[in-house]
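J.: Sequence first, then the predicted structure:
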Amino acid sequence: MMKKWLAVAAGLFFGIALLGSGAWAQEFTIKYAVSSPPDSFHQAYADKFKELCEKYSGGKIKVNVYGGAQLGSEQDNVQGCSTNMIQMTTLAVNNLTPFASAVGFMTLPYAFPKIEDAYKLFKHPFMDELNQKIVAQANVRAVSWLVGGYRVFTNSKKEVRTPGDLQGIKVRVPKNNIMIAAYKSWGVNPVPISWTETFNALQQKVVDGQDNPHIVNAASKFYEVQKYITNIHYLLWTGPNLISETYYKKLPADLKKAVDRAAKEAAVYEWGFVEKKEAGALKECLDKGMKMVEPADNEKEWISRAKTVWPDMYKDIGGREMVDKAVAIIQK
């Protein structure tokens, strides 16, 4: 009996020792949803985050990435993060705006005249204030931010250097009020067409032009139905990498640091990834016969007209406060 009791006691002592040494440390799992294809910059970020997060957490956090919209659309994934059904996701900022209007200023035309403006803002303490609003409004936290290239304008009819050159061109846009308003400020009435119908609409001349980053133009083979590229910078693709606030709050301090560090380093990796992919995609489009056209006078007319729509949009993006703060940081 005594031997049996000693064996049990020794087992308990050994178990406690293992727990104390961290050998039985708790493992945290992140279900990470990506709605874009495997070759997208969204997926490139998620894969890099997984690598770094598992490394910096010493294996205590396991990241399972579900790509190709396996877990739903981008807005589905925001809702999933909000309820902690999934723990992380990456998406375009406009798909977070319905849940957290405070981020809407990033979709205003010429919010980021240069890509360096976005990098500057994303590294600024202002983003901590923005995060407080995102958490309060949607129960998700942006651990870092991505860029995806500017939406350059393409068309099949003629060289476009000024807003006036858009006359006579039928332009496709997404069903997005801010983008529609921008084109109206340039003197044309764009045609809202869903993404899945865009190539056919260009091919059948339902519309003559559209705008998207070089990466998208090349991947979509728009060089088959478009001739001219106008290198405008009116809208930079930006997007948050979200984590469920419910999940984040449960993480021990050291694992929060691991997530934060991995997220920010993976974002810098993604910025470089996009820069290289954009250059390669543009070369592909030019090699396939497209022609690059620079906007006249450093885009001054494009900018001045497009910015007239800002006041009308404040009500849709949570007010003017965050806009003014962001602009002040960028212009400083």
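T.: Thanks, I have it.

J.: quick check, residue 136 in a helix?
T.: Yes. The assignment for residue 136 is a helix, going by DSSP: H, G, I helix; E, B strand; the rest coil.

J.: which residue ranges form the strands in the stretch 1-150 of the chain?
T.: Applying DSSP state E, counting those that start in this stretch to the stretch 1-150 of the chain gives strands spanning 28-34, 61-66, 88-90, 140-150.

J.: Can you say which helix or strand has the spatially most central residue of the chain in it?
T.: Centroid-nearest residue in the chain: residue 239, 1.9 Å away (criterion: C-alpha atoms, centre = their mean). Using DSSP states H and E, residue 239 maps to strand 236-244.

J.: And whichever helix or strand comes after that strand, how far out from the chain middle?
T.: Note on strand 236-244: by DSSP H and E, the next helix or strand toward the C-terminus is helix 245-250. Taking C-alpha atoms, centre = their mean, to the nearest Å, one finds helix 245-250 lying 21 Å from the centre of the chain it belongs to.

J.: Would you mark the buried spots in helix 245-250?
T.: Neighbour counts using 16 or more other C-beta atoms under 10 Å place 245, 247, 248 of helix 245-250 among the buried residues. Bear in mind the C-beta positions are built from the backbone N, C-alpha and C, glycine included.

J.: ok, now how distant is the second one from residue 44?
T.: The gap separating residue 247 from residue 44 is 23 Å, by C-beta to C-beta, to the nearest Å.

J.: mind listing the helices for the stretch 51-200 of the chain?
T.: In the stretch 51-200 of the chain, the helices defined using DSSP state H, counting those that start in this stretch lie at 74-82, 115-122, 126-138, 177-185, 198-203.

J.: re earlier: so how far is residue 74 from the residue nearest to the centre of the chain?
T.: The gap separating residue 239 from residue 74 is 9 Å, by C-beta to C-beta.

J.: which residues are common contacts for those two?
T.: Shared contacts of residue 239 and residue 74 (C-beta atoms under 8 Å, 6 or more residues apart in numbering): 91, 92.

J.: and residue 55, what does it touch?
T.: Shown in contact with residue 55 (C-beta under 8 Å, 6+ apart): residue 262.

J.: Make 44 the starting number, not 1.
T.: Got it, first residue is 44 now, which makes that one residue 98.

J.: got a pLDDT number for it?
T.: What the model reports as pLDDT for residue 98 is 98.

J.: swap in residue 136?
T.: 91.

J.: shouldn't it be in contact with residue 284?
T.: No. Here residue 136 does not reach residue 284: they are 11.2 Å apart, not a contact under C-beta atoms under 8 Å.

J.: in the stretch 94-243 of the chain, which ranges drop under the pLDDT threshold?
T.: For the stretch 94-243 of the chain, no stretch has pLDDT under 70.

J.: higher neighbour count, residue 136 and residue 284?
T.: Comparing residue 136 with residue 284 by other C-beta atoms under 10 Å, the one with more neighbours is residue 284, at 24 against 20.

J.: ok, back up a step: remind me what the strand holding residue 282 packs against, helices and strands.
T.: helix 84-99, helix 117-125, strand 131-133, helix 158-165, strand 183-193, helix 296-330 (3 or more C-beta pairs under 8 Å, 6 or more residues apart in numbering; DSSP states H and E).

J.: what would the ones you listed look like in TSV with distance to residue 174?
T.: Putting these into TSV (distance: least, C-beta to C-beta, whole Å) gives the following:
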stretch	distance to residue 174
helix 84-99	17
helix 117-125	14
strand 131-133	15
helix 158-165	12
strand 183-193	6
helix 296-330	11
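
J.: any idea how far residue 253 lies from residue 324?
T.: For residue 253, the distance to residue 324 equals 15 Å [C-beta to C-beta].

J.: Of these two, which one has the most company?
T.: Per other C-beta under 10 Å, whichever of residue 253 and residue 324 has more neighbours is residue 253, with 30 against 19.

J.: In this structure the more buried one contacts residue 197, no?
T.: Yes. Residue 253 lies in contact with residue 197 (C-beta under 8 Å); the separation is 6.1 Å.

J.: anything in contact with each of the two?
T.: In terms of C-beta under 8 Å, 6+ apart, residue 253 and residue 197 are both contacted by the residues 265, 269.
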